[in-house]
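Chemist: All I have is the shape, not the residue letters:
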């Protein structure tokens, strides 16, 4: 059974469109994340949510709006898509503890291509 | 701010030999955690190994071990007895805050190719 799942796996769309990526985790974790991996394979955090509350927002354009309906789901909605948004978007989850051993489990990624 | 540096160019290793992938980090936080992830060509991110900054011993997980040198701020990944399936991109990452504010800061990754 998939621990962290994302849909769709591939997304090809025109510039200016609005699109959403969905993420679900069945691990019972309380924190979920969105990461962006660019064409040079560099991974950078975008957002994190803890128990449906936005915790981290890493200076991402406000065209990107995460939404967490419950702690098992974290969706990413992108308005007015631009060419530079083309990337692989990874969802991740972890059970946060005071120490640092909170390994993050990653979803399979969504490859977004903006034409 | 935290920073992870992975500067090796593409690495090559013969099957069944050991290989070391370098990682140096920078943080002003006294406590932190270090991770290695593997990303094969299929794209998924696979957790390999974790080392805490206060751990007395170097972490090991099967064929993976982490050569942690705190004074030098290095956390090199050692893969023993390389297999063809080890060919992938490897990312070093760090968390330097616990609790809900934790986030992974990644290095740029190293590509490893295992030759038969």
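Modeler: Cool, the structure landed. As the structure is a computational prediction, the values presented were derived from the model and not from experiment. Residues are numbered from 1 along each chain as shown, chains lettered A, B, ... in the order given.
Chemist: check contacts around residue B:93.
Modeler: A:43, B:4, B:34-37, B:104-107 (Cβ atoms under 8 Å, 6 or more residues apart in numbering or on different chains). Glycine gets a C-beta too; all of them are placed from N, C-alpha and C.
Chemist: Just the residues you listed: which are in strands?
Modeler: Among the contacts of residue B:93, the members found in strands (DSSP state E) are A:43, B:4, B:34-37, B:105-106.
Chemist: is it true that residue B:116 touches residue B:15?
Modeler: Yes - assessed by Cβ atoms under 8 Å, residue B:116 is found in contact with residue B:15 at 5.3 Å.
Chemist: And the two? Which one has more around it.
Modeler: With neighbours defined as other Cβ atoms under 10 Å in any protein chain shown, residue B:116 and residue B:15 compare such that residue B:15 has more, 13 against 6.
Chemist: could you measure the more buried one against residue B:42, distance?
Modeler: The gap separating residue B:15 from residue B:42 is 20 Å, by Cβ to Cβ, to the nearest Å.
Chemist: Retrieve the pLDDT associated with the closest residue to chain A within chain B.
Modeler: Nearest to chain A, among the residues of chain B, is residue B:33, at 3.1 Å (Cβ to the nearest Cβ). Note on residue B:33: pLDDT of 90.
Chemist: Return the set of residues that bridge with it.
Modeler: Assessed by DSSP bridges, residue B:33 has beta-bridge partners residue B:52, residue B:95.
Chemist: Can you give me the distance of residue B:70 to residue B:25?
Modeler: 10 Å.
Chemist: which of those two has more neighbours?
Modeler: Set residue B:70 next to residue B:25 and count neighbours by other Cβ under 10 Å: residue B:25 wins out with 21 against 11.
Chemist: Which one of the ones in strands among the contacts of residue B:93 is nearest to residue A:30?
Modeler: residue B:35 (19.0 Å; Cβ to Cβ).
Chemist: which bits of chain A sit near chain B?
Modeler: Contact residues, chain A versus chain B (Cβ under 8 Å from any Cβ of the partner chain): A:31, A:33, A:35, A:40-45, A:48, A:50, A:55-56, A:58, A:88, A:90, A:92, A:94, A:96-106, A:108-109, A:111.
Chemist: What subset of these is buried?
Modeler: Neighbour-count burial (16 or more other Cβ atoms under 10 Å in any protein chain shown) is assigned, among the residues of chain A next to chain B, to A:31, A:33, A:35, A:43, A:45, A:48, A:50, A:55-56, A:88, A:90, A:92, A:94, A:96, A:100-106, A:108-109, A:111.
Chemist: Would you state the strands of chain B in chain order?
Modeler: B:3-5, B:11-14, B:19-21, B:24-26, B:33-39, B:46-52, B:60-61, B:64-69, B:74-79, B:88-95, B:105-106, B:110-115.
Chemist: Might you list the low-confidence residue ranges for the chain?
Modeler: All of this is about chain A. A:1-2, A:97-101 (pLDDT under 70).
Chemist: try chain B instead
Modeler: By pLDDT under 70, the weakly predicted segments of chain B are B:97-100.
Chemist: just the residues of it that are near chain A, which are they?
Modeler: B:31-33, B:35, B:37, B:39, B:43-47, B:50, B:52-53, B:89, B:91, B:93, B:95-106, B:108-109.
Chemist: rerun at 7 Å
Modeler: B:31-33, B:35, B:43-45, B:47, B:50, B:52, B:89, B:91, B:95, B:98-104, B:106, B:108-109 (Cβ under 7 Å from any Cβ of the partner chain).
Chemist: Noted, bye for now.
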